[in-house]
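In: Need a 3D model of the sequence below.
(one chain, ligands or ions: 4)
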Amino acid sequence: HAKAEGRGNYQFYDAVLGTQIRDRRSLEHDLRLAVSRGEFTVLYQPQMDVMSGELVGFEALLRWNHPERGSVPPDHFIPVAEETGAILAIGDWVLRETCREAAGWERPLRVAVNVSAVQLHGPDFAQTLHEILLQTGLRPGRLELEITETALVRDPARALATLRRLKALGVRVAMDDFGTGYSSLSNLRAFPFDKIKIDRSFIRAVDVNTETAAILRAVLGLGRGLGLPVLAEGVETPAELSFLGAEACQEAQGYLLGRPAPIEDFAEAIRLGRVADAAIHATSEPVR
Ligand code: C2E
Ligand code: MG
Ligand code: MG
Ligand code: MG
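Out: Numbering: from 1, shown residues only. Ligands and ions are numbered 1, 2, ... in the order given. Below you'll find the model as predicted:
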C-alpha cells in the first residue's frame, strides 16, 4: 500500500517513526528522573462493603504530573516503566508513600497497592516490602497487594514462592482484573489469593445485559466456592450497585462511590467510616 503511494510517503513515515522514537526516548528519560523530581502522587479510591455500606479501605492509584506533558495516565507510563526497569524504583516509591500515609489515617482501614509483574519478579521484592513495613510502621494486615494473572504466568513457580513470602509477612493478596487476559480458574486455587477483583468490563450495564450478569454470577459463585470475597470494580450506577447487592457480592469500588482523589478529600469518609455522602463532596478527577 505505502509502496504504491511513492517515495514521499516513506519519508513521511520515517519522520513519524523518528518522532515516535524520540518521544519514547524522552519519556523513558523523564521516567527515570520522575521519582527524584517528586513528580509522582498517589490518589486513593474508596472500597465499600456492599451489604453494610461501610468504607473498608482504599486502592492507591499512581499519577505522574509531568512538567510539560501534564498528568500522564498510568496506562501510558507503567508499560514503558516496566520495559526499562524504572518500575522498580517507582513501585518502591508507591509502596513506601502509601504505607506511610495509611499508617497515619485516623482509622486502621485497608490500603490496596498495585504491584507490577516486573516488581513481583524483581530481585528481592518481599525483602523490600518487609523493610518498608518496618520503616513506616504499617500493620501488615492492613496492606493488600493487587496482582494480575499476567504477573503469574511468566514464571509461576517463582511467583508462587514470592506470594508465599509475602503472605508470611502478613500482607493480603488480591487478584486484580479477574476475567481479562490470561484468566485461568486454576490460578485461583494454585496461588494463595485472599480476594478476587472482577474487572469493570463485567460490571458495566450489568442490569440490562444478561450475558454479563451470567458471567458475574458465575464469578461470585466461584468466590463463594473457594471462600474468597469478591470486589466489583468500576461501579458507576446505582443500578449496578443494587444488582451486586442482590447477588451478594461482598465489596464494590467505582466512580459511584468515589473517584480517585487525594486522601485529604476522604478525611470525613474515614472519620464516618462511610463513603457515599462524603465521596460526593470530594474534589475528584475529571471524567475521562
Ligand atoms: P486497576 O488496578 O484495575 O485500577 C482501576 C482503574 O479503574 C483505575 O484507573 C481507576 O481510576 C479506574 N476506575 C475506578 N473506578 C472506575 C469507574 O467507575 N469507571 C471507570 N471507567 N474507571 C474506573 P487508573 O488509575 O487510570 O489506573 C489504571 C491502571 O494502572 C490500574 O488498573 C493499574 O493496573 C495501573 N496502576 C495504577 N497505579 C499503579 C501503581 O502504583 N503501580 C502499578 N504497577 N500499576 C498501577
Ligand atoms: Mg488495581
Ligand atoms: Mg483492576
Ligand atoms: Mg487494570
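In: what about residue 240, distance to ligand 3?
Out: Separation of residue 240 from ligand 3 (CB to the ion, to the nearest Å): 16 Å. Yep, even glycine has a C-beta here, placed from its N, CA and C like the rest.
In: I meant residue 168, not that one.
Out: The gap separating residue 168 from ligand 3 is 25 Å, by CB to the ion.
In: so how many other residues sit close to the closest residue in space to residue 141 that isn't next to it in sequence?
Out: Excluding its sequence neighbours, the residue lying closest to residue 141 (CB to CB, 6 or more residues apart in numbering) is residue 170, at 5.5 Å. A count of nearby residues for residue 170, using other CB atoms under 10 Å, gives 12.
In: ok, residue 170 - contacts?
Out: Shown in contact with residue 170 (CB atoms under 8 Å, 6 or more residues apart in numbering): 139, 140, 141.
In: can you put the residues you listed in JSON lines and add neighbour count, secondary structure and distance to ligand 1?
Out: Conversion of the contacts of residue 170 to JSON lines gives the following (neighbours: other CB atoms under 10 Å; DSSP: H, G, I helix; E, B strand; the rest coil; distance: CB to the nearest ligand atom, whole Å):
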{"residue": "139", "neighbour count": "13", "secondary structure": "coil", "distance to ligand 1": "21"}
{"residue": "140", "neighbour count": "17", "secondary structure": "helix", "distance to ligand 1": "19"}
{"residue": "141", "neighbour count": "12", "secondary structure": "helix", "distance to ligand 1": "20"}
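In: Residue 177 looks like it's in a strand, true?
Out: Yes - residue state for residue 177 (DSSP: H, G, I helix; E, B strand; the rest coil) corresponds to a strand.
In: So it sits against residue 147, correct?
Out: No - Residue 177 is beyond contact range of residue 147, at 9.7 Å (criterion: CB atoms under 8 Å).
In: higher neighbour count, those two?
Out: Taking other CB under 10 Å, residue 177 and residue 147 do not tie; residue 147 has more neighbours (26 against 19).
In: Check the secondary structure at that one for me.
Out: In terms of secondary structure, residue 147 is strand; the call rests on three-state DSSP.
In: Just to check, it is in contact with residue 178?
Out: No - using CB under 8 Å, residue 147 is not in contact with residue 178; the gap is 10.9 Å.
In: near ligand 3, which residues of the protein show up?
Out: 176, 177, 233 (CB under 5 Å from the ion).
In: Columns distance to ligand 1 on top of these, output as a markdown table?
Out: As requested, these are exported to a markdown table (distance: CB to the nearest ligand atom, whole Å):
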| residue | distance to ligand 1 |
| --- | --- |
| 176 | 5 |
| 177 | 5 |
| 233 | 6 |
